[in-house]
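1. give the three-dimensional model of this entry:
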Amino acid sequence: MQEPLDAELLDAVERAVRDVGRHLAERQGTEPLAAATPAEARAAFDAVDRPAARMLRERLTALRPQAGWLGDEWAREVPGAGEWWLCDATDGAVQYLSALPHWAVTATLLRDGAPVLAVVHAPLLGATHTARLGGGARLNGRRRAPRPRVLATAVVATSQPPQVARDPAARRAAGAALAAVLPHAAAVRNLGPTALQVAQVGSGHLTAFWQYGADPANLLPGALLAAEAGARVSDAQGAPWTPAATSFLAAAPGVHAELVAVLRQV
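-> Numbering: from 1, shown residues only. You can find the predicted model right below:
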């Protein structure tokens, strides 16, 4: 029988993530990056992100030395055995370089292919989402749960993983889903990193989030946070979500069935 994760480990991970977030926030400019080419933007981002990623890896490896490490450039197949850290020191590179506040530091511990601990910290938003398996989800230390809504009064969000641009089927589904949902929801938005938006479903700030295209690195942290808060997590057809799924939906319980009915038309 595997040991349960204790609250002390989650607290220590949160402290490490907050330290990295503080480091990055102090270095974010107040003006958008003046980069004329993708190579220039990548070089400027690497100069900030790589030291932060090293800091995060050192802190978390010290806390759980038996766990392996999956950086943000890992292969998309989730390891099926053992413990692994899945982290992104600067989740939301586009927003960070554009001097926007919608970015986060994420740390997720995977055990035998499933998330068992997650922290998503957005320093400039003053929001730290935390969860451990079986322990519920919290925002800034307070238990949170999705807010009761119907789809007609819901603010919902969507996004597209980078590989959607190279996947015609996922690209068509993303466009068709947006057109299908727009007439039914109060508003549809894209508010930054995927992990942060899914966490916001759990905290009640968003009512639902959906996406097409396999994207486990960004979805695993939020999937745990949303599920532990009491949100329904599935694929777009309502089947149980797995990291290999090609669609994703997290929603407040009352809205989940409504959105599944809409998305099944896609």
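
2. low-confidence bits of the stretch 1-150 of the chain, can you list those?
-> For the stretch 1-150 of the chain, the stretches flagged by pLDDT under 70 are 1-4, 71-76.

3. now the helices for it?
-> Using DSSP state H, counting those that start in this stretch, the helices of the stretch 1-150 of the chain run over 7-27, 38-63, 93-97.

4. the second one to helix 7-27, inter-axis angle?
-> What it means is helix 38-63. Between helix 38-63 and helix 7-27, the angle comes out at 150 degrees (axes from the mean of the first three to the mean of the last three CA atoms, to 10 degrees).

5. what residues sit buried inside helix 38-63?
-> The neighbour-count check on helix 38-63 (16 or more other CB atoms under 10 Å) flags A41, F45, V48, D49, A52, A53, M55, L56, R57, R59, L60, L63 as buried. Bear in mind the C-beta positions are built from the backbone N, C-alpha and C, glycine included.

6. out of the helices of the stretch 1-150 of the chain, the one nearest T108 is which?
-> helix 7-27 (9.4 Å; CB to CB).

7. buried residues in the closest one?
-> L10, A12, V13, E14, A16, V17, D19, V20, G21, H23, L24.

8. for the second one, give me its contacts.
-> A12 sits next to L63 when contact means CB atoms under 8 Å, 6 or more residues apart in numbering.

9. can I get the buried residues of helix 7-27 in CSV with distance to V260?
-> Formatted as CSV, the buried residues of helix 7-27 follow (distance: CB to CB, whole Å):
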residue, distance to V260
L10, 31
A12, 38
V13, 33
E14, 33
A16, 37
V17, 33
D19, 40
V20, 37
G21, 35
H23, 41
L24, 37
